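Q: sequence first, predicted model second:
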Amino acid sequence: MINVEEIFHHSGAILKGHFLLASGVHSPIYWEKFRVLQYPNYTEQLCRLITDHFRKQRIQVVAGPTTGGIILAFEVARQLGVRGIFAEKTGAAERAFRRGFSINPGERVLIVDDILTTGSSIREVMAAVTNQGGIVIGIGVLVDRSEQKVEFGVPLFSCHRSITPTYPPQNCPLCAANIPLVKPSSSQKPPG
Ligand SMILES: [Zn+2]
């Protein structure tokens, strides 16, 4: 059995400080998943946990949100022997499958993502899947850091659960202590 937290720790992926997360909240911890995903060996081992969990679910497509979800969808799909696709931002809270990707009506889809904080990216992918008539069978994530369990209405599997505090900007003790806020590069939105 692999130790997920150890993999993140060894990769230097658990950053401590004062971070602005993609969801707009502040946190003393940032899980920099790309420090892990840069090692194909680690990515393969972590994805294997997701693959093994959903292996009997007759998954036909694996879908993830950009950017970490591209790598995870590829690797889980490779292990399951099915298609792997990704959904891109098309609006403030909207994603779509571009680049010729499509889901056939009734296809069984597994959604994968790296770090689960509020679940907004995953919900956007779920909507993109159901818009095309696909059926969301389950969700697999590397780390579930949500403070309150996020309910998606389908089974959720996380390789690791680590409840990590977040604060709304107006009520953040790190802001109050004048600690500089860092916007991690991997959560930066492209200009425009
Ligand atoms: Zn703050």
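A: Everything's here; your move.

Q: for the chain, just list every one of the helices.
A: 4-10, 34-37, 40-54, 68-80, 120-131, 173-176 (DSSP state H).

Q: could you list every helix and strand in contact with the longest one?
A: Helices and strands touching helix 40-54, by 3 or more Cβ pairs under 8 Å, 6 or more residues apart in numbering; DSSP states H and E, are helix 4-10, helix 34-37, helix 68-80, strand 108-116, strand 135-144, strand 156-161. Placement of C-beta: from N, CA and C, glycine included.

Q: mind redoing it with 10 Å?
A: Helix 40-54 sits against helix 4-10, helix 34-37, strand 61-65, helix 68-80, strand 108-116, strand 135-144, strand 156-161, with contacts defined as 3 or more Cβ pairs under 10 Å, 6 or more residues apart in numbering; DSSP states H and E.

Q: can you give me the mean pLDDT across the longest one?
A: Pointing back at helix 68-80 there. Average pLDDT, helix 68-80: 97.

Q: report the angle between it and strand 108-116.
A: Interaxial angle, helix 68-80 versus strand 108-116 (axes from the mean of the first three to the mean of the last three Cα atoms, to 10 degrees): 130 degrees.

Q: okay, buried residues for helix 68-80 please.
A: Burial within helix 68-80, assessed by neighbour count using 16 or more other Cβ atoms under 10 Å, is assigned to 68, 69, 70, 71, 72, 73, 74, 75, 76, 77, 79, 80.
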